[in-house]
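Asks: coordinates only, no sequence provided:
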């Protein structure tokens, strides 16, 4: 059992964020542990042939199938959303003594012949680690990042609504089965893995939705790191689903092929730019279609920072489901 004690300052500083570096690091473990039949199966089948190489070999030494992952490899994002390069810069700024301490701990739990050399030269280790992460990110994670980011944004919007509606009790009741709020502490049903035995207090708690932690919730509780809990986001099962084909469907006959394709693509909230890229239409043309669909109640939008995200409404879901069912009946 891991316990994170909350004082008044901690409660007032509970916040959410997501990170492409967190996703990159945890995806290495998913690549090692997940099967083609798992929730990440479609991603695994596509990525495995592309990801193999010396960079992945190094990352697997640092990120074993089970056990401890060096906490400096998953730095706390300073804002709700940060870039991949900002995350790498945070890793590169890790004090050398912390690199040595945490890599030594990885090696004690999961010995690997690549680790002693990294431990002996922490400056070179940071350079090699960030280089390997960058190469792997471009091959394995970046092609899907926009879609993953939309899912993470959707989860954060839901969690913030839960917090506003029912406070911390409601937030933690629905966060993850292994995580609960008990009086003045957060308890996580996992073996205690804090290096010094005492999580740092007064820094608040960071909650990070993370696609590739599924099905577990992963904590970071050792000083000097900000106490952090990652958890799988809601709707993860939709992430790797293929878009439903709408050409020639009853929905396309009703609203037109382009608008039907828009409705199909909005399994996850998407920006105009993202949708225009996915559908290969101009942003002005897309905006006209979105306005018509929104006026009809088929899609809606919400603002996330400077970005407007569009999502399918319950009516849109019903139209798409009915359209798919009709196509199946016609081909039966």
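Replies: Nice, I can see it. Everything numeric in this text was worked out from a predicted model, so none of it was measured.
Asks: when you work out contacts or count neighbours from here on, use the C-alpha atoms and nothing else.
Replies: Will do.
Asks: where does the stretch 51-200 of the chain dip in pLDDT?
Replies: Within the stretch 51-200 of the chain, the segments meeting pLDDT under 70 span 191-200.
Asks: need the strands for it, in chain order.
Replies: Using DSSP state E, counting those that start in this stretch, the strands of the stretch 51-200 of the chain run over residues 179-182, 185-188.
Asks: just checking, what packs against the first one?
Replies: Think strand 179-182. Helices and strands touching strand 179-182, as assessed by 3 or more Cα pairs under 8 Å, 6 or more residues apart in numbering; DSSP states H and E, comprise helix 145-173, strand 185-188.
Asks: nearest to residue 9, of the ones you listed?
Replies: Closest of the helices and strands packed on strand 179-182 to residue 9 is strand 185-188, at 12.8 Å (criterion: Cα to Cα).
Asks: could you tell me the end-to-end distance of stretch 134-151?
Replies: From its first residue to its last, stretch 134-151 covers 22 Å (Cα to Cα, to the nearest Å).
Asks: how about that stretch: buried residues?
Replies: 134, 136, 137, 140, 141, 142, 147, 148, 149, 150, 151 (16 or more other Cα atoms under 10 Å).
Asks: tabulate those residues in JSON lines, adding columns for distance to residue 38.
Replies: Below are the buried residues of stretch 134-151 laid out as JSON lines (distance: Cα to Cα, whole Å):
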{"residue": "134", "distance to residue 38": "26"}
{"residue": "136", "distance to residue 38": "21"}
{"residue": "137", "distance to residue 38": "21"}
{"residue": "140", "distance to residue 38": "17"}
{"residue": "141", "distance to residue 38": "17"}
{"residue": "142", "distance to residue 38": "21"}
{"residue": "147", "distance to residue 38": "19"}
{"residue": "148", "distance to residue 38": "17"}
{"residue": "149", "distance to residue 38": "21"}
{"residue": "150", "distance to residue 38": "21"}
{"residue": "151", "distance to residue 38": "18"}
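Asks: please identify which two of those residues are farthest apart in space.
Replies: Largest pairwise distance in these, by Cα to Cα, is 22.3 Å, between 134 and 151.
Asks: ok, back up a step: residue 297 is nearest to which of the strands of the stretch 51-200 of the chain?
Replies: For the strands of the stretch 51-200 of the chain, the distance to residue 297 is smallest for strand 179-182, at 36.9 Å, taking Cα to Cα.
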